[in-house]
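J.: Quick one, what's the 3D model for this:
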Amino acid sequence: MALLTRHDSRWQKLAGDQLLPDLDPPRPVVVGCNGTEASLRAVKLAVRTVGDSRTLVLICATRPSRRPEPPTDLHDALKDEAYLLTGQASVGEHLRTAAELAKWHGARLVTTTSEHGSPVPVLQRVAARVGAGAVFIGSDGPRPGWTPRRLGARLDRGVELIVTDGAVHHRRRTAIREVSEPRVSWPASWPAPGLATH
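T.: So this is what the prediction gives:
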């Protein structure tokens with residue numbers, strides 16, 4: 001008798017422009033953006049895959065600085081534009097660049113947001129909050145690295161996870177495997193638990 005189920009995450013390799021599986025039409029698509037070329041490749045693939053019919057949610061995970069930076073002469077020189085020297089300004093620039101790229105490739109509905117936290121929990125939270133059908137993230141290597149593997153273990157099974165290096169794409173494939181009920185047998189010379197012997 002099968003009692004327990006376990007989720008096995010595996011990766012399906014899709015080369016070149018091989019079609020990705022159909023995604024639920026009404027659900028948004030989340031793309032992790034951090035300003036790297038890898039994240040911009042993920043934006044391009046997301047737009048190419050889902051076209052202009054879905055909302056593209058571009059998310060950047062940030063970590064708050066531990067201590068405020070003291071003002072410098074450059075801050076004084078920039079005056080009202082001194083905010084451009086902050087980390088949040090660079091995050092905004094990363095998201096603006098990614099949004100422009102998505103629109104240039106044909107996306108019509110693009111939203112951007114940033115949240116404090118590590119990439120894996122931030123992507124998971126945003127995907128759950130918007131009811132995402134898929135999450136796209138970029139990779140520098142030919143195989144999914146630490147972040148995609150951790151994210152794959154935390155995302156709901158109904159959410160596609162696509163990892164790309166630009167040329168090769170990997171899709172998380174989740175299957176349910178049955179685990180048999182463990183059987184306990186007692187040696188003939190031992191009494192079964194709960195039975196008293198005199």
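J.: ok, then the element right after the helix or strand bottoming out on mean pLDDT in the chain?
T.: When each helix and strand of the chain is scored by mean pLDDT, DSSP states H and E, helix 73-78 comes last, with a mean of 51. Going down the chain from helix 73-78, the next helix or strand is helix 87-104, by DSSP states H and E.
J.: packing partners for that following helix?
T.: Helices and strands touching helix 87-104, by 3 or more CB pairs under 8 Å, 6 or more residues apart in numbering; DSSP states H and E, are helix 37-50, strand 55-62, strand 109-116. Every residue, glycine included, has its C-beta placed from N, CA and C.
J.: right, so of those, which gets closest to residue 159?
T.: Residue 159 sits nearest to strand 55-62 of all the helices and strands packed on helix 87-104, at 12.5 Å, using CB to CB.
J.: What distance do you get for the closest residue in space to residue 63 that isn't next to it in sequence to residue 62?
T.: Leaving aside its chain neighbours, residue 63 sits nearest to residue 116 (6.7 Å; criterion: CB to CB, 6 or more residues apart in numbering). Distance of residue 116 to residue 62, computed by CB to CB, to the nearest Å: 6 Å.
J.: Pull out the buried residues from stretch 53-66.
T.: For stretch 53-66, a neighbour-count test (16 or more other CB atoms under 10 Å) marks 54, 55, 56, 57, 58, 59, 60, 61, 62 as buried.
J.: The fifth one and residue 96 touch, don't they?
T.: No. With contact defined as CB atoms under 8 Å, residue 58 and residue 96 do not form a contacting pair (9.6 Å).
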